[in-house]
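Trainee: I need the structure of the sequence given here:
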Amino acid sequence: MNKRFILGAIAALLFTGFTQAADLNIGVVNVRAVASQAPQRETIAGALQQEFKERGETLKNLEQEIKDMQTKGQADVLTMTEQQKVELTRAIQAKASSMQLLQKALQEDYKQRSNEEQNKMLILIKKAIDQVSATENFDIVLQAESVAFISERADITMKVIALMADPKFN
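Mentor: The predicted structure follows:
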C-alpha cells in the first residue's frame, strides 16, 4: 500500500507538471536570421568601413610605394651601383615591415571594433525579442538553433526583424 501511495503521488505530480506546461506560451526566434536581416547590420558595417577607410587608404598607398620602388629597382638595376642596390633593398624592406605592422594593427583594431558593434547588436536583438515576447504574451522564448521543431505560430523571428526595422525602435 505504501508503494501504491508513492506511485500515485508521483503520477499526480507528473500530471500536474504536464498540465502546467501545457499552459506555457512558448516562442522561438532565430537569432542568426535576425542579426543577418536587421537593418542595423548595414548601418554598423557602413560605420566600420568609414571609421577604418583612412587607415586602409594609407596601407594601399604604402603598398603602391613599395611596388613603385621595386619597379624602379628592376628598371635601373643595370645602372645602379652596389651601394644604391643595397640602399633600395633596405628601403623596400623597411617600408614592407612598416606596412605589415600597420596592417596587423588595423586588423586587430577592426576586429575589436567589430566585436563591440556585434555586442551592441545583440543587445538590440535581445531588447526586440523582449518587446515582441511581452506583446505576444510568451512565457518562454527559445533560440531556434536549439529546437527540433518550430510551428509557424511560435516562430517570432520575422516579428523581431520587423520591430528592429521600425524607425521608432531603439
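Trainee: Check the protein for its longest helix and report it.
Mentor: helix 82-136 (DSSP state H).
Trainee: Pull the distance from that one to the chain's centre.
Mentor: Relative to its parent chain, helix 82-136 has a centroid offset of 13 Å by Cα atoms, centre = their mean, to the nearest Å.
Trainee: can you pull the buried residues of whichever strand or helix holds Thr43?
Mentor: Using DSSP states H and E, Thr43 sits in helix 39-75. Applying a neighbour-count criterion of 16 or more other Cβ atoms under 10 Å, one finds Gln40, Arg41, Ile44, Phe52, Leu59, Leu62, Ile66, Met69, Gly73 buried in helix 39-75. For the C-beta atoms, the positions are set from N, CA and C on the backbone; glycine is no exception.
Trainee: try stretch 122-140
Mentor: Within stretch 122-140, the residues that qualify as buried are Leu124, Ile125, Ala128, Ile129, Gln131, Val132, Ser133, Phe138, counting by 16+ other Cβ under 10 Å.
Trainee: and which of these is nearest Arg32?
Mentor: Nearest to Arg32, judged by Cβ to Cβ, of these is Ile125 at 10.1 Å.
Trainee: Met99 versus that closest one, what's the distance?
Mentor: 38 Å (Cβ to Cβ, to the nearest Å).
Trainee: what mean pLDDT would you report for stretch 63-76?
Mentor: The pLDDT scores in stretch 63-76 average 93.
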